[in-house]
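# Show me how the following folds:
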Amino acid sequence: MRRFILLLIGVLTISCTTTAQKEAKKKKIYKVSKTNAEWKNILTAEQYYVLRLAGTERPFSSPLNKLYKAGTFYCAACETPLYESKHKFDSGTGWPSFDRSVNGSVDRDIDHKLGYARSELLCATCGGHLGHVFNDGPRETTGMRHCINGDAMVFKSN
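Numbering: from 1, shown residues only. Below you'll find the predicted structure:
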């Protein structure tokens, strides 16, 4: 009985520690951090839904989807340069798509919201949800498709 109790205590200690360690690793502190009230004050309702609540805009609803002028797409929350128009392509999915981001501007995380693992893309400066990355992009470049919500970005021409 004593061995059983010691074993049970050991298992509980290890499992509690492991869970706590996993949670601690998930919490990244971003350079730009605001309260929900502050984000709501500076973002439109659509931007807040996408960037802060990890929402998805309706396909083909963003004016940025078919925008191919020379310039840069910035995070709508913190103005970090995310994507250059020279890396944008028409994926036919209804969302702005790029084969790569500006170096160091985008973080990745795992998203299980649909019941399976997807690679989520986040702004590396503020942690805002941008979209997801898939490996069905142009083979002649990176082979990757960064599927990005237009509401997560603002465009500035060169």
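
# end-to-end on stretch 54-74?
When the termini of stretch 54-74 are compared using C-alpha to C-alpha, to the nearest Å, they are 17 Å apart.

# Which residues belonging to that stretch are considered buried?
54, 57, 62, 64-65, 71-74 (16 or more other C-beta atoms under 10 Å). (C-beta placed from N, C-alpha, C; glycine too.)

# And stretch 110-128, by the same measure?
The neighbour-count check on stretch 110-128 (16+ other C-beta under 10 Å) flags 111, 118, 120-128 as buried.

# circling back to that earlier point, just the buried residues of stretch 54-74 now: which is nearest residue 48?
Closest to residue 48 out of the buried residues of stretch 54-74 is residue 54 (11.0 Å), distances taken as C-beta to C-beta.

# Leaving aside the residues adjacent along the chain, what's closest to that closest one?
Once flanking residues are discounted, residue 54 sits nearest to residue 129: 4.0 Å by C-beta to C-beta, 6 or more residues apart in numbering.

# pretty sure that neighbour is touching residue 48, no?
No: Residue 129 is not in contact with residue 48 according to C-beta atoms under 8 Å; the separation is 10.7 Å.

# Looking at these two, which one has more neighbours?
The neighbour comparison of residue 129 against residue 48 (other C-beta atoms under 10 Å) goes to residue 129, with 23 against 20.

# Just list whatever residues bridge to the more buried one.
residue 122 (DSSP bridges).

# Please report how far it lies from residue 119.
Residue 129 sits 12 Å away from residue 119, taking C-beta to C-beta, to the nearest Å as the criterion.

# Next: residue 46.
Between residue 46 and residue 119 the distance is 23 Å, computed by C-beta to C-beta.

# Can you read off the pLDDT for residue 12?
pLDDT recorded at residue 12 is 44.

# all helices of the chain, in order?
Secondary structure of the chain, counting by DSSP state H: helices at 2-26, 36-42, 45-51.

# and the ones you listed, which one's lowest on average pLDDT?
helix 2-26 (a mean of 45).

# Which strand residues bridge the closest residue to residue 93 other than its chain neighbours?
Computed as C-beta to C-beta, 6+ apart, the closest residue to residue 93 that is not its neighbour in sequence is residue 147, at 6.1 Å. Applying DSSP bridges to residue 147 gives these bridge partners: residue 97, residue 132.
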